[in-house]
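A.B. asks: from the sequence below, what's the structure:
(one chain, ligands or ions: 2)
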Amino acid sequence: MKILSAAQIREWDQYTMQHEPISPIDLMERAAEACTHWILEHISQDIFYIFCTTGNNGGDGLVIARLLKSHNKQVKVFVLSLSAGTDCFNINLERLKQISTVEIITLKSTSDFPSIPNDAVIIDALFGTGLNRKPEGLAAELIHFINHTAKHVIAIDIPSGLLCDRSSKDFPVIKAAHTLSFQCYKPALLLPENAVYFGNVHILDIKLHTDFLHTVDTNYELVDFNFIKQLYKPRNAFSHKGSFGHALIIAGSYGKMGAAVLSTRACLRSGVGLVSAHVPSCGVTILQTAAPEAMCRVDRNEKVITKLDYDVTSYSAVGVGPGIGTDSATTAFLHHLLVAYPKPLVLDADALNILSEHSEWWPLLPPHSILTPHPKEFARLFEENKDDFARIETALQQARTKNLVIVLKGHRTFIATPSGKGYFNTSGNAGMATGGSGDVLTGIITGLLAQGYSSSEAAILGVYIHGMAGDQAALHYGMGPMIAGDIIDNLSVIKQLETV
Ligand SMILES: NC(=O)C1=CN([C@@H]2O[C@H](COP(=O)(O)OP(=O)(O)OC[C@H]3O[C@@H](n4cnc5c(N)ncnc54)[C@H](OP(=O)(O)O)[C@@H]3O)[C@@H](O)[C@H]2O)[C@H](O)CC1
Ligand SMILES: [K+]
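C.D. replies: Ligands and ions are numbered 1, 2, ... in the order given. Alright, predicted model coming up:
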């Protein structure tokens, strides 16, 4: 699913109105009907306080007021006049005035702000995708007032005060429990820093013309199950283990062998044909016991990985980093691997930390290598970013200039690809923020790479499958008790992709 900018959404509106065709006022009615339907289905309260300004977001609010009233809800409307009002706003204001039982209060100063009953639901229809600057004056005070006094807030299209396409840091923004957004995600509704504002996002289909999406190119895409179904390559019944590649996982050090076990077991579960694990000699018994399906490459050093004394190019894919530590001998090993292995590598954890200490190594990375940093590792590798928008822009720019795939792990993991396109993952949950979860992801992505997926495909598919398995694990154990091994044990979710 494409993620559009505010300007592209406005173009989509226009395209729909011309090609359906439908008038602006009827499109607003359809959008507001979708919101009202959701509210009636999900909200049991009977009292609604609807706050509007005089744009089309406010217009939505007026229609919602009229429709909720027609369903015998108690409705009060508060209008903050910031302009003469759009045509759709003014038409709907006249329509609402015909309903004498709906009180419409104009807000001219803070003294007009109402006291809000505890059981009232606030509908935030102040600003939508037309917000283009920081709310100030009475608008800002109203946003703060709602945040401090209201218990249940539902934002229409986007929480007021949130810019669609760039950071709203230091803006007054409505904190909503639910955001009812039209037709598609906006970038702002996918970034961790805004999660406190958008709450639970519900994308409402308002039947914008689908042909428009073929005419528009976007930098960002949303990765959902349908997207992944197109990517996944079902197995051919006549294949043999050699058809699915031989992955090498280079992981572990004395006291951190668990990372090697987790990444190796996850790699095995990814569907790869064969897995070998390069581990320090202290880890052989551990690996052969915990992951008997994997073969071992035993480092001559007992505690850390130090020597690449075999032809590593025979492996279809190599994942390096989980638990390897940053010992000088391991650092020298990594340098040797970068020089010796020509195909895309998967680098995670301490491999990234070593790389961040050696910026001169960037040119050594095989093209289309996959880096899987969490935000702190990302900052060490590239730079500190002032906000999430800046961070994803940096990831896209670095992926493009360094010809890499960068998996920026987080609430909604973002995958930046060498083409300059970015992908927001939609699977997964907070329970996956647990030790070893990243090791599991590295194993999955390495396994997919070994099966012949491109680097971008392996990263996008791997992140989504990791999240699917994490969601299943959370269902079994709860987000608190779940551990990284449970993600591996739930990789059976891949079956859902195998059904045609
Ligand atoms: N397809 C759809 O998604 C549909 C969406 N609809 C709704 O329309 C809004 C967008 O409506 P729009 O009129 O473009 O803009 P807003 O209502 O969001 O904002 C109103 C105007 O407010 C001004 N503005 C912007 N920032 C500020 C600020 N910080 N302080 C004061 N005023 C501000 C701006 O006008 P200017 O002339 O001042 O620039 C805005 O235009 C969308 O979100 C949906 O809710 C349709 O109802 C149906 C289809
Ligand atoms: K809003």
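A.B. asks: next one: the residue in the stretch 351-500 of the chain that ligand 1 sits nearest to from residue 30, what distance?
C.D. replies: Among the residues of the stretch 351-500 of the chain, residue 389 lies closest to ligand 1, at 17.6 Å counting by CB to the nearest ligand atom. All C-beta spots, glycine's among them, are computed from the backbone N, C-alpha and C. Using CB to CB, to the nearest Å, one gets 31 Å for the distance from residue 389 to residue 30.
A.B. asks: report the outermost residue of the protein with respect to its centre.
C.D. replies: Computed with CA atoms, centre = their mean, the residue of the chain farthest from its C-alpha average is residue 100, at 44.9 Å.
A.B. asks: that one: what secondary structure?
C.D. replies: Taking DSSP: H, G, I helix; E, B strand; the rest coil as the rule, one finds residue 100 in the coil state.
A.B. asks: what's the spacing between it and ligand 1?
C.D. replies: 25 Å (CB to the nearest ligand atom, to the nearest Å).
A.B. asks: which one is the residue of the stretch 351-500 of the chain closest to ligand 1 nearest to, not counting chain neighbours?
C.D. replies: Distance criterion CB to CB, 6 or more residues apart in numbering; nearest residue to residue 389, sequence neighbours excluded, is residue 167 at 4.5 Å.
A.B. asks: pLDDT wise, what is the residue most central in space within the chain at?
C.D. replies: Most central in the chain under CA atoms, centre = their mean is residue 412, positioned 2.5 Å from the mean C-alpha point. Looking at residue 412, its pLDDT reads 90.
A.B. asks: residue 150 too?
C.D. replies: Confidence for residue 150, expressed as pLDDT, is 87.
A.B. asks: residues in contact with it?
C.D. replies: Residue 150 makes contact with 49, 116, 120, 122 under the criterion CB atoms under 8 Å, 6 or more residues apart in numbering.
A.B. asks: that one and residue 102, how far apart?
C.D. replies: Distance of residue 150 to residue 102, given as CB to CB: 19 Å.
A.B. asks: can you check residue 332 too?
C.D. replies: For residue 332 relative to residue 102 (CB to CB), the value is 75 Å.
A.B. asks: who's more crowded, these two?
C.D. replies: Shown here are residue 332 and residue 102; by other CB atoms under 10 Å, residue 102 has more neighbours (18 against 14).
A.B. asks: who does the helix or strand harbouring residue 284 touch, helix- and strand-wise?
C.D. replies: Assigned by DSSP states H and E, residue 284 belongs to helix 284-290. In this structure, helix 284-290 packs against helix 257-269, strand 274-280, strand 295-299, with contacts taken as 3 or more CB pairs under 8 Å, 6 or more residues apart in numbering; DSSP states H and E.
A.B. asks: highest mean neighbour count out of these?
C.D. replies: Each of these was scored by mean neighbour count; the highest is helix 257-269, a mean of 29, by mean count of other CB atoms under 10 Å.
A.B. asks: and that helix with strand 274-280, angle?
C.D. replies: Relative orientation of helix 257-269 versus strand 274-280 (axes from the mean of the first three to the mean of the last three CA atoms, to 10 degrees): 170 degrees.
A.B. asks: packing partners of helix 257-269?
C.D. replies: Counting contacts by 3+ CB pairs under 8 Å, 6+ apart, helix 257-269 is packed against strand 246-250, strand 274-280, helix 284-290, helix 437-450, helix 484-489.
A.B. asks: strands of the stretch 1-150 of the chain, start to end?
C.D. replies: With DSSP state E, counting those that start in this stretch applied, the stretch 1-150 of the chain shows strands at 2-3, 47-52, 74-79, 103-106, 120-125, listed in chain order.
A.B. asks: pick the most deeply packed of these.
C.D. replies: Comparing these by mean count of other CB under 10 Å gives strand 120-125 as most buried, with a mean of 27.
A.B. asks: and the contacts of it?
C.D. replies: Outside strand 120-125, the residues that touch it by CB under 8 Å, 6+ apart are 39, 43, 45, 47-53, 57-62, 64-65, 116, 146, 150-156, 159-160, 174, 176.
A.B. asks: among these, which ones are in helices?
C.D. replies: 39, 57, 58, 59, 60, 61, 62, 64, 65, 146 (DSSP state H).
A.B. asks: out of the residues you listed, who's nearest ligand 1?
C.D. replies: Nearest to ligand 1 among the ones in helices among the contacts of strand 120-125: residue 57, at 3.4 Å, using CB to the nearest ligand atom.
A.B. asks: quick one: contacts for the residue nearest to residue 203 when sequence neighbours are not counted?
C.D. replies: In space, and not counting its chain neighbours, residue 203 is closest to residue 181: 5.6 Å by CB to CB, 6+ apart. Residue 181 makes contact with 157, 158, 189, 201, 202, 203, 204, according to CB under 8 Å, 6+ apart.
A.B. asks: in the sheet, who's paired with residue 250?
C.D. replies: Assessed by DSSP bridges, residue 250 has beta-bridge partners residue 278, residue 320.
A.B. asks: got a pLDDT number for it?
C.D. replies: 98.
A.B. asks: can you count the residues close to it?
C.D. replies: Neighbour tally, residue 250, other CB under 10 Å: 30.
A.B. asks: ok, now residue 446?
C.D. replies: Neighbour count for residue 446, taken as other CB under 10 Å: 34.
A.B. asks: for it, give its distance to residue 264.
C.D. replies: Separation of residue 446 from residue 264 (CB to CB): 10 Å.
A.B. asks: anything in contact with each of those two?
C.D. replies: Joint contacts of residue 446 and residue 264 (CB under 8 Å, 6+ apart) are residue 249.
A.B. asks: show residues contacting stretch 333-345.
C.D. replies: For stretch 333-345, the external contacting residues (CB under 8 Å, 6+ apart) are 250, 305-308, 312-313, 316-320, 324, 351, 354-355, 358, 361, 364-370, 405, 449, 455.
A.B. asks: over to the residue nearest to the centre of the chain: give its phi and psi.
C.D. replies: phi -120, psi 100 (degrees, to the nearest 10).
A.B. asks: ok, now the one 5 residues further on?
C.D. replies: Its backbone dihedrals place residue 417 at phi -120, psi 160, with angles given as degrees, to the nearest 10.
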